[in-house]
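J.: Got a predicted structure here, sequence first:
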Amino acid sequence: MKMTTVGIDLAKNVFQVHGVDGRGKAVLRKSLKRAEVVKFLAKLEPCLVGMEACGSAHFWARKLIELGHAVKLMAPQFVNLETAVGPMCSASIAADFVAQAN
């Protein structure tokens, strides 16, 4: 099935990517180094990308919009630290949040 939503956990060096199909099933869980992010997302069909708003989120949002993706930023308070254990969970929460808000 086609990936419709991607959640990204931004970091300094290693980014976590979580992809979800139209039914809400996880189809992608991947760790990417900073240099690999644009190359990887350029290969994907345009989709909805969600990420937590932070210092570099607007930079990455502009890059992803140039690639044809729709980007939504979520406020940090929506990432519940009690349930987000590890960076992959943050990427998963971002994907779920933007899919529900859509």
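T.: Received the coordinates, thanks.
J.: ok, how many other residues are close to F59?
T.: 10 (other CB atoms under 10 Å). The C-beta positions use only the backbone N, C-alpha and C, and glycine is treated the same way.
J.: Distance of it relative to T5?
T.: 21 Å (CB to CB, to the nearest Å).
J.: And for G50?
T.: 7 Å.
J.: Can you tell me the SS state at I65?
T.: Assigned with DSSP: H, G, I helix; E, B strand; the rest coil, I65 falls in the helix class.
J.: list the contacts for it?
T.: V71 (CB atoms under 8 Å, 6 or more residues apart in numbering).
J.: Show the pLDDT at it.
T.: Predicted confidence (pLDDT) for I65: 97.
J.: Distance check, it against S92.
T.: On the measure of CB to CB, I65 and S92 end up 23 Å apart.
J.: Likewise for M51?
T.: M51 is 12 Å from S92, by CB to CB.
J.: got any residues that touch both of the two?
T.: Common neighbours of M51 and S92 (CB under 8 Å, 6+ apart) are G7.
J.: These two: who's more crowded?
T.: M51 (26 against 20).
J.: Following the chain onward from the helix or strand encompassing V6, which element is next?
T.: For V6, the element it lies in under DSSP states H and E is strand 3-9. For strand 3-9, the following helix or strand on the C-terminal side (DSSP H and E) is strand 14-21.
J.: Just confirm G55 is within a helix.
T.: No: G55: not assigned to a helix; according to three-state DSSP it is coil.
J.: tilt between the strand holding V6 and strand 14-21?
T.: Strand 3-9 runs at 160 degrees relative to strand 14-21, counting by axes from the mean of the first three to the mean of the last three CA atoms, to 10 degrees.
J.: residue contacts, A42?
T.: With CB under 8 Å, 6+ apart, A42 has these contacts: L67.
J.: is it fair to say it lies in a helix?
T.: Yes: assessed with three-state DSSP, A42 lies in a helix.
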